[in-house]
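Peer 1: need a structure here:
(2 chains)
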Amino acid sequence: MMSLTRFVELVETHGADPNRWPEKRREHVQSLLVASAEARAALAQAEKLDALIARHCRDGDEEAATARVLRRLQALPAQRRGLLPRLLPAALLEFDLAPAWPRFAALLGVAVLGFAVGLSDTGMALTKHSASAIIGSPNSSDSDLSLILFEPDPLSAMR
Amino acid sequence: MDGPSDEDLMARISQGDEWAFRLLARRYLPRALGLARRVLGNEADAEEIVQEALLRVWLNATRWRPTAAFRTWFYRVVLNLCLNRKRRAPFAALDSVEEPVDPAADPLREIEHRQTDRLVAAALADLPDRQRAAIVLSYQEGMSNAETAAVLGTSVSGVETLLVRARRALRKALGSVLEPER
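Peer 2: As a prediction, the model looks like this:
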């Protein structure tokens, strides 16, 4: 038999309508309701709450508002039709090929930036001097450390 | 549902079929307006949001793929627009929809119902946006927790947490109304 606590949790999650309860849990409720006045009171209260909310959410008279919105939508703008639909045959468009162009543009931008940084002199290469300044150990194997930490600039490694 | 399916209509809309667009718009407008109105608490904003969502459907129809049900996708667009709008403007509780007075009804009962409606509206207005959205999708649209999760862009357990918190808060706010009648 389901416990009262689990039953209260059930109606709080799904409401008082048994048709909305998970089927497996529905089977265990009947014996509890027979045995427990508290469970019956909890169900009665949940039914009242459901009725109040449903009454508030009942279909109102939206006829006038519907007519207003439809009037404002009488003159429709041109639909968005990209280049891709015109170039590809209809069968291919059945697949979700819609390009997410902002994301592709961002990816391309990042790739171009990466190339630019990599090809420029202001990349990650450090001179021996600056590497040792960072680690504060002038006698250490700076050249080894710079090899480990950074892609060595061939010119600076020879200084 | 009578008539062509949502997916058939979207296929036609992607070809520029304005009649198919209006058919789909009519199908979803009333409920989308109700959803937006309850999440935003503002009728004018709700109309703007739903109009914007439908415009996006029209403009981007060529890019839509039926990987999810149209209803789930469309409500997700509406809800995201609502939540974005909410971040910019505070929520003002909307008076609950007033029904026409039934002359045969007990007037005292009617007054009681209206007072209760106002309490419920205020309690829902006090909920955090996503809890309110979960409640509206669940009760207005009759969506399962799985469908609600798809619309809210979260997991089923995420939706269950939202609903538990929302129901607890509503139970606390509406305590006197929920007490058994003596």
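
Peer 1: do a quick rundown of the helices in chain B.
Peer 2: Counting by DSSP state H, one finds helices in chain B at the ranges B:6-13, B:18-40, B:43-59, B:70-88, B:107-125, B:129-139, B:145-152, B:156-173, B:175-178.

Peer 1: next: chain A.
Peer 2: Assigned by DSSP H, chain A shows helices spanning A:4-14, A:23-26, A:29-35, A:37-56, A:63-72, A:83-87, A:101-119, A:128-135, A:142-149.

Peer 1: where does the prediction get shaky in chain A?
Peer 2: A:82-103, A:121-159 (pLDDT under 70).

Peer 1: redo that, cut-off 80
Peer 2: Along chain A, segments meeting pLDDT under 80 span A:1, A:27, A:58-61, A:80-104, A:120-159.

Peer 1: centroid-nearest residue for chain B?
Peer 2: residue B:35 (1.9 Å; Cα atoms, centre = their mean).

Peer 1: surely that one is in contact with residue B:141?
Peer 2: Yes - using Cβ atoms under 8 Å, residue B:35 is in contact with residue B:141, at 7.2 Å. Any C-beta I mention is one placed from the backbone N, CA and C, and that applies to glycine too.

Peer 1: follow-up on the earlier one: out of the helices of chain A, which is closest to residue B:137?
Peer 2: Minimum separation from residue B:137 across the helices of chain A (Cβ to Cβ) falls at helix A:37-56, 11.8 Å.

Peer 1: picking that back up, do you know how far the residue nearest to the centre of chain B is from residue A:49?
Peer 2: 20 Å (Cβ to Cβ, to the nearest Å).

Peer 1: for residue B:137, same thing?
Peer 2: To residue A:49, residue B:137 is 17 Å away according to Cβ to Cβ.

Peer 1: neighbour-wise, which of those two wins?
Peer 2: Just comparing residue B:137 and residue A:49: by other Cβ atoms under 10 Å in any protein chain shown the higher neighbour count belongs to residue B:137, 27 against 21.

Peer 1: quick one: residues contacting that one.
Peer 2: The contact partners of residue B:137, taken as Cβ atoms under 8 Å, 6 or more residues apart in numbering or on different chains, are B:35, B:75, B:79, B:143, B:147-148, B:151-152.

Peer 1: and what of residue A:73?
Peer 2: B:22, B:25, B:51, B:54-55, B:58.

Peer 1: can you redo the residues you listed as JSON lines with neighbour count and distance to residue A:36?
Peer 2: Converted to JSON lines, these look like this (neighbours: other Cβ atoms under 10 Å in any protein chain shown; distance: Cβ to Cβ, whole Å):
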{"residue": "B:22", "neighbour count": "19", "distance to residue A:36": "54"}
{"residue": "B:25", "neighbour count": "23", "distance to residue A:36": "50"}
{"residue": "B:51", "neighbour count": "19", "distance to residue A:36": "51"}
{"residue": "B:54", "neighbour count": "25", "distance to residue A:36": "50"}
{"residue": "B:55", "neighbour count": "15", "distance to residue A:36": "54"}
{"residue": "B:58", "neighbour count": "21", "distance to residue A:36": "55"}
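
Peer 1: quick one: residue B:43 and residue A:29, what's the gap?
Peer 2: 41 Å.

Peer 1: tell me which of the helices of chain B is the most buried.
Peer 2: Among those, helix B:129-139 has the highest mean neighbour count (mean count of other Cβ atoms under 10 Å in any protein chain shown), at a mean of 23.

Peer 1: dump that one to PDB, restricted to CA.
Peer 2: The C-alpha trace of helix B:129-139 is given here as PDB (Å, rounded to 0.1, in the frame of the first residue of the first chain):
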ATOM      1  CA  ASP B 129       6.700  33.000 -14.400                       C
ATOM      2  CA  ARG B 130       7.700  29.400 -15.200                       C
ATOM      3  CA  GLN B 131       5.500  27.900 -12.500                       C
ATOM      4  CA  ARG B 132       2.600  29.900 -13.800                       C
ATOM      5  CA  ALA B 133       3.400  28.800 -17.400                       C
ATOM      6  CA  ALA B 134       3.600  25.200 -16.300                       C
ATOM      7  CA  ILE B 135       0.200  25.500 -14.600                       C
ATOM      8  CA  VAL B 136      -1.500  27.200 -17.600                       C
ATOM      9  CA  LEU B 137      -0.100  24.600 -20.100                       C
ATOM     10  CA  SER B 138      -1.200  21.800 -17.800                       C
ATOM     11  CA  TYR B 139      -4.700  23.100 -17.100                       C
END
